[in-house]
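Q: Sharing a model that was predicted from the sequence below.
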Amino acid sequence: MNTLYYGDNLRILKDYIQTESIDFIYLDPPFNSNRNYNVLFKEESGKEAEAQITAFEDTWHWNQDTEKTYQDLITDGTPGISSMINALRQAIGPNQMMAYLVMMAIRLIELHRVLKPTGSLYLHCDPTASHYLKIILDSIFGSENYRNEIIWKRTTAHNDPKRWGNVHDVLLYYSKTDAPKWNQVFLDHTEHHKARFNKTDPDGRLWTDGDLTAKGLSGGGYTYEYRGFTSLWRVPLETMKRLDAENRLHFTKTGGIRIKRYLDELQGTIVQDVITDIFPINSQAAERLGYPTQKPVALLERIIQASSNPGDVVLDPFGGCGTTISAAQNLGREWIGIDITHLAIALQKYRLADAYGLQPGKDYKVIGEPEDFASAKQLSIEDRYQFQWWALSLIKARPFGTTGQTKAGKKGSDKGIDGIISFIDEANGKAKTILVQVKSGHVKAGDIRDLRGVVDRESAAIGLFVTLEEPTREMIKEASTAGFYHSPGWGNDYPKIQIFSIADLLAGAEVKRPPEAITFKQAKRQGSNQKGDQADLFSE
């Protein structure tokens, strides 16, 4: 069952995911106002409205695809969904926000279909769009299946001009029916609360005392005399005798009887719908990957534990850097991850390998990635930037100047560099770089000369040239004239310029480089049901 899918999650859901086969869904769609990408709440004509929202640069736009999806929702949706989406368009208009809501609605319908009757869905969003999304979820899941609006405090303080500081995200929790799986989650009591347990039994057990009288309580109690004390008690006489036999009664100096409450029997505090004890991924966080919308593993583990059981199937249709599937793996759940960028799929594969030792094809499936030269060539035709990210993943190179959220076709100046691998040479401990160029079109010897110039300009140790086409004899000759990089730490020589065809890499060819490559640091090795911090995989 464990599977990564590359592609549009709407198509993947329709083509691959069976009805009522999923126990738990978490989604964090690409619309989050705590990112620094400004998009005006405007008509597609460019006319600005007074309100402003912030979202990802490549948030959905109102276009022909959006219009067709809207029409499908009107004509094929249930009466409730049809009237809801029509009313939203009348209120909002055909702008970017409405495009986002239309494309989310069609996906949420599919997510509702694949969810089991005992399943739950958690949608992560922010206050900018949460009220619209809740209307859509009410129409699809039924308002009676709304469970919680969970507030996650994602930062300490904001100085937002002319408004209250915006420091929280929202998780909308819905169930498929009125009988979802639920496991009560308890948090450790605070040190202040534990300090109340300041009395000790001879065996060392800490306890505090609690009231046994029923005076002032509604519902009455039990009036009787016990060991010289008469009162209105909370428990019947038989229970009082049992508590006494178990040494659970405390007889006070002022002539009262109280019950002992032991610290080691506390379950903890029941988790509430305001989460303030899980901190966001900042630049110093051990589990940081460098992915713009990465969420803490602890947040995902908490909601997965609450709404699923070991062996259940967890789905994340906007997989990102793989926090959901990592948490699911750690907690003994099966998982499915979907993402529309090859960079995200690559990050998820690295994470699974480093943290759990899992390998694609052996421990889980990857569907949608090129598996041979023909499919690689087709990807290069369809989207050369996705091809570039996929090709870089074959050698574990970090894309240069992007973290996977840049819209295809909006690539900025890359200075002749498509990817970077860093390594530490033990002789001096300084970081050195390997620069990568990826070409999907016609290649020639001049491309190798250009790469040599970039390597010299950037004072890099090695240059890698990855090509879809087979390299020419002149290219190979030009690369050989570049000489070698001598590693003082490892005492080896490595070709200064190396050429790899996609066919070579698919056949298992490896880059000749010092072994301590650090572009993607290894995640802390974890075992099933064993908690631990995630190491920094995405080195800046």
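A: Received it, and whenever you're ready, just let me know what you need.
Q: which outside residues touch whichever strand or helix holds Gly119?
A: Here Gly119, judged by DSSP states H and E, is contained in strand 115-125. Applying C-beta atoms under 8 Å, 6 or more residues apart in numbering, the external contacts of strand 115-125 come out as 20-29, 31-32, 108, 111-112, 133, 137, 141, 147, 150, 169-177, 179-181, 295, 303, 307-308. (Each C-beta comes from the backbone N, C-alpha and C, glycine too.)
Q: Note down every partner strand of that strand and its orientation.
A: Take DSSP bridges as the rule and strand 115-125 pairs in its sheet with strand 22-27 (parallel), strand 168-175 (antiparallel).
Q: In JSON lines: these, plus mean pLDDT and distance to Ala344.
A: Shown next, in JSON lines, are these (pLDDT from 0 to 100; distance: least, C-beta to C-beta, whole Å):
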{"stretch": "strand 22-27", "mean pLDDT": "98", "distance to Ala344": "14"}
{"stretch": "strand 168-175", "mean pLDDT": "95", "distance to Ala344": "20"}
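Q: List the buried residues of the strand holding Gly119.
A: Buried residues in strand 115-125, counted by 16 or more other C-beta atoms under 10 Å: 115-116, 118-125.
Q: who's in contact with Ser393?
A: Applying C-beta under 8 Å, 6+ apart to Ser393 gives the contacts 342-343, 345-346, 349.
Q: between those residues, which is nearest Ala503?
A: The closest of these to Ala503 turns out to be His342 (C-beta to C-beta; 18.1 Å).
Q: how about that closest one, phi and psi?
A: phi -70, psi -30 (degrees, to the nearest 10).
Q: Tell me how many other residues crowd it.
A: When neighbours are defined as other C-beta atoms under 10 Å, His342 has 25 of them.
Q: tell me the contacts of it?
A: With C-beta under 8 Å, 6+ apart, His342 has these contacts: 6, 369, 386-387, 389-390, 393.
Q: quick one on the thing from earlier: list buried residues within the contacts of strand 115-125.
A: 22-29, 31-32, 108, 111-112, 133, 137, 141, 147, 150, 169-176, 180-181, 295, 303, 307-308.
Q: which residue lies farthest from the center of the chain?
A: Gly228 (62.0 Å; C-alpha atoms, centre = their mean).
Q: quick one: that residue from Ile275, how far?
A: Using C-beta to C-beta, to the nearest Å, Gly228 is found at 49 Å from Ile275.
Q: Just the pLDDT at the closest residue in space to Phe186 that isn't next to it in sequence, thanks.
A: Computed as C-beta to C-beta, 6 or more residues apart in numbering, the closest residue to Phe186 that is not its neighbour in sequence is Gly268, at 3.4 Å. We have a pLDDT of 80 for Gly268.
Q: Quickly note the distance from Ala482 to Ala461.
A: Ala482 is 12 Å from Ala461, by C-beta to C-beta.
Q: ok, now Trp182?
A: In terms of C-beta to C-beta, Trp182 sits 55 Å off from Ala461.
Q: Next: Trp152.
A: Trp152 sits 43 Å away from Ala461, going by C-beta to C-beta.
Q: now Ala374
A: Relative to Ala461, and taking C-beta to C-beta, Ala374 is found at 34 Å.
Q: What helices and strands are in contact with the helix or strand Ser83 falls within?
A: According to DSSP H and E, Ser83 maps onto helix 79-92. If you count contacts as 3 or more C-beta pairs under 8 Å, 6 or more residues apart in numbering; DSSP states H and E, helix 79-92 packs onto helix 64-76, helix 96-114, helix 130-141.
Q: And for Leu315, the neighbour number?
A: 29.
Q: Okay, now the sheet partners of the helix or strand containing it, with direction.
A: Element membership of Leu315, judged by DSSP H and E, is strand 313-316. Strand 313-316 pairs in its sheet with strand 22-27 (parallel), strand 334-339 (parallel), by DSSP bridges.
Q: want to try TSV for these, with distance to Thr433 as columns?
A: Listed next are the strands paired with strand 313-316 as TSV, based on distance: least, C-beta to C-beta, whole Å:
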stretch	distance to Thr433
strand 22-27	36
strand 334-339	27
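Q: Identify whichever of the ones you listed lies nearest to Thr223.
A: Smallest distance to Thr223 across the strands paired with strand 313-316 (C-beta to C-beta): 50.3 Å, for strand 22-27.
Q: so for stretch 398-411, what's the average pLDDT?
A: Averaging pLDDT along stretch 398-411 yields 48.
Q: Could you do stretch 70-90 as well?
A: So the average pLDDT for stretch 70-90 ends up being 94.
Q: pull the CA atoms of it into PDB?
A: Taking only C-alpha atoms (Å, rounded to 0.1, in the frame of the first residue of the first chain), the coordinates of stretch 70-90 have been written out as PDB:
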ATOM      1  CA  TYR A  70     -17.000  25.200 -12.000                       C
ATOM      2  CA  GLN A  71     -19.600  24.000 -14.600                       C
ATOM      3  CA  ASP A  72     -19.000  20.400 -13.600                       C
ATOM      4  CA  LEU A  73     -19.700  21.200 -10.000                       C
ATOM      5  CA  ILE A  74     -22.900  23.000 -11.000                       C
ATOM      6  CA  THR A  75     -24.200  20.300 -13.300                       C
ATOM      7  CA  ASP A  76     -22.800  17.100 -11.700                       C
ATOM      8  CA  GLY A  77     -22.700  18.000  -8.000                       C
ATOM      9  CA  THR A  78     -25.400  17.300  -5.400                       C
ATOM     10  CA  PRO A  79     -28.000  20.100  -5.000                       C
ATOM     11  CA  GLY A  80     -26.200  21.300  -1.900                       C
ATOM     12  CA  ILE A  81     -22.800  21.500  -3.500                       C
ATOM     13  CA  SER A  82     -24.200  23.100  -6.700                       C
ATOM     14  CA  SER A  83     -26.100  25.800  -4.800                       C
ATOM     15  CA  MET A  84     -23.100  26.400  -2.500                       C
ATOM     16  CA  ILE A  85     -20.500  26.900  -5.200                       C
ATOM     17  CA  ASN A  86     -22.900  29.100  -7.200                       C
ATOM     18  CA  ALA A  87     -23.600  31.300  -4.200                       C
ATOM     19  CA  LEU A  88     -19.800  31.600  -3.500                       C
ATOM     20  CA  ARG A  89     -19.200  32.800  -7.100                       C
ATOM     21  CA  GLN A  90     -22.000  35.300  -6.800                       C
END
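Q: what's the neighbour count on the residue nearest to Leu266 when sequence neighbours are not counted?
A: Spatial nearest neighbour of Leu266, excluding adjacent residues (C-beta to C-beta, 6+ apart): His189 at 6.0 Å. Close neighbours of His189, defined as other C-beta under 10 Å, add up to 16.
Q: hang on, His189 is in a strand, isn't it?
A: No: counting by DSSP: H, G, I helix; E, B strand; the rest coil, His189 falls outside a strand, being coil.
Q: which ones are touching it?
A: Counting by C-beta under 8 Å, 6+ apart, His189 touches 266, 268-269.
Q: Give me the subset of those residues lying in strands.
A: Among these, the ones falling in strands (DSSP state E) are Thr269.
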